[in-house]
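> fold the stuff below for me.
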Amino acid sequence: MYLAARVQLVLPPRNRTLGTIDALGIVGLVGLLVARYVPVARIIPFWGCTFRDTTGVPCPGCGLTRVADRIAHFNVLGAIHANPLGTVAALVFALAVVASAIHLVFGVPLPDLQLNDKEWKRVRWAAIGLFLANYGFVIYAYRVLHWR
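Now for the predicted structure:
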């Protein structure tokens, strides 16, 4: 007999206490501001992918600097071309910035997602699958489509 999983979404009372989403929002804000205003890839002479330079194959993180730069300049399609999963992560950070600002300024509570062990196992397997699919796409886009 199959029992449906019970994902719980808890909404705490109004508060302004710092939490995980607030931390992600602060990190996201700093990262997107740096990506927007500091040309890191041009300033640091050794910036680049040593793995790709050595093997000719992009690493799983190839394109993340371009993703951050393109998201900070509102070029979502260009960010997807650089690294699709990195684009999703950058957009989640941007959403965390907005959610954190609303939470800290107005005291609006942020929901807390509570998963049991079985649900966390599914989340981990899904994350591994997404990572592998994204890496396959990055290799394909770099080697076949010549996207940079």
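> secondary structure class for the closest residue to residue 113 other than its chain neighbours?
Spatially, and ignoring its direct neighbours in sequence, residue 113 is nearest to residue 9 (5.8 Å; Cβ to Cβ, 6 or more residues apart in numbering). For the C-beta atoms, the positions are set from N, CA and C on the backbone; glycine is no exception. Secondary structure, DSSP: H, G, I helix; E, B strand; the rest coil: residue 9 is strand.
> residue 9 reaches residue 112, doesn't it?
Yes. If you go by Cβ atoms under 8 Å, residue 9 and residue 112 touch, sitting 7.4 Å apart.
> those two: who's more crowded?
Higher neighbour count among residue 9 and residue 112: residue 112, with 13 against 8, using other Cβ atoms under 10 Å.
> phi, psi of the more buried one?
Torsion angles at residue 112 (phi, psi; degrees, to the nearest 10) stand at phi -120, psi 120.
> so what's it up against?
9-12 (Cβ atoms under 8 Å, 6 or more residues apart in numbering).
> quick check: bridge partners of it?
As for beta bridges, residue 112 partners with residue 10 under DSSP bridges.
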